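In: Would you be able to build a 3D model of this:
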Amino acid sequence: MKNPENELKILELISQGKDDISQRDISRIIGLSLGMTNSILKRFAEKGLITIKKVNNRNIQYALTAKGLEQIGQKSWRYFKRTIRNVVVYREAINGILREAKADGYNEVVLVGSSDLEFIVEHECYKLGIPFRVAYEKTEEISEKSYIVFAENELKQPVENSYSYSLNSLVY
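Out: Residues are numbered from 1 along each chain as shown. As a prediction, this is how the structure comes out:
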């Protein structure tokens, strides 16, 4: 299976220029099997993205080519664009949820837990004029008029009631 993110990580590792990095090290750092790592490295060499130099019977050296450096730039740019598209999708979805909460009379939004999407929730609350705070523990005081947003790692399933929302349904 081709995973552009793993391929980018492998190219970036090689670009760091550590002469002693082994295929096993790359495999462990990226979290891929040794066989998959070997396959990717061979494909990179065939495409001219890296050079493979046998130092001795036990050691192989990997080096990034100019074409490989260009590939890092292209893959990074595509990854960045995909991330921005996702942020826009999340922002629009969160905005709709928070507009509905405000229309239903909730006077604050409480994010329960730590979330990668916290900055989006906070920004959308600010734009809508809804006070926002984070409760890192579920036991913190939360009023009846607080709309609760659970961080994506807090609940495995969306909450089925009218006063809360789980970011799981956006992320997973």
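
In: Show me what secondary structure element comes after the longest helix along the chain.
Out: Assignment by DSSP state H gives helix 66-103 as the longest helix of the chain. Downstream of helix 66-103, the first helix or strand assigned by DSSP states H and E is strand 108-112.

In: Which strands and helices lie in contact with that next one?
Out: Packed against strand 108-112 by the contact rule (3 or more Cβ pairs under 8 Å, 6 or more residues apart in numbering; DSSP states H and E) you find helix 118-128, strand 132-135, strand 146-150. C-beta: built from backbone N, CA, C; applies to glycine.

In: Rounded mean pLDDT for the helix or strand harbouring K42, please.
Out: According to DSSP H and E, K42 maps onto helix 34-47. Mean pLDDT, computed over helix 34-47, is 93.

In: Name the strands paired with the helix or strand that it is followed by and say parallel or antiparallel.
Out: Downstream of helix 34-47, the first helix or strand assigned by DSSP H and E is strand 50-54. Looking at strand 50-54 with DSSP bridges, its partner strands are strand 60-64 (antiparallel).

In: and the strand it pairs with with helix 66-103, angle?
Out: On the basis of axes from the mean of the first three to the mean of the last three Cα atoms, to 10 degrees, strand 60-64 is oriented at 70 degrees to helix 66-103.

In: And T37, how far from K47?
Out: The gap separating T37 from K47 is 16 Å, by Cβ to Cβ, to the nearest Å.

In: Oh, that last question was meant for I30, not what I typed.
Out: Distance, I30 to K47, using Cβ to Cβ: 18 Å.

In: swap in V88?
Out: Note on V88: its distance to K47, by Cβ to Cβ, is 32 Å.

In: Please, which helix or strand holds D25?
Out: Going by DSSP H and E, D25 is part of helix 23-30.

In: could I have that helix exported to PDB, CA atoms only?
Out: The C-alpha coordinates for helix 23-30 follow below in PDB (Å, rounded to 0.1, in the frame of the first residue of the first chain):
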ATOM      1  CA  GLN A  23      17.000   0.100   6.600                       C
ATOM      2  CA  ARG A  24      16.100  -1.400  10.000                       C
ATOM      3  CA  ASP A  25      16.400   2.100  11.600                       C
ATOM      4  CA  ILE A  26      14.200   3.600   8.900                       C
ATOM      5  CA  SER A  27      11.600   0.800   9.400                       C
ATOM      6  CA  ARG A  28      11.500   1.300  13.100                       C
ATOM      7  CA  ILE A  29      11.300   5.100  13.000                       C
ATOM      8  CA  ILE A  30       8.500   5.100  10.400                       C
END
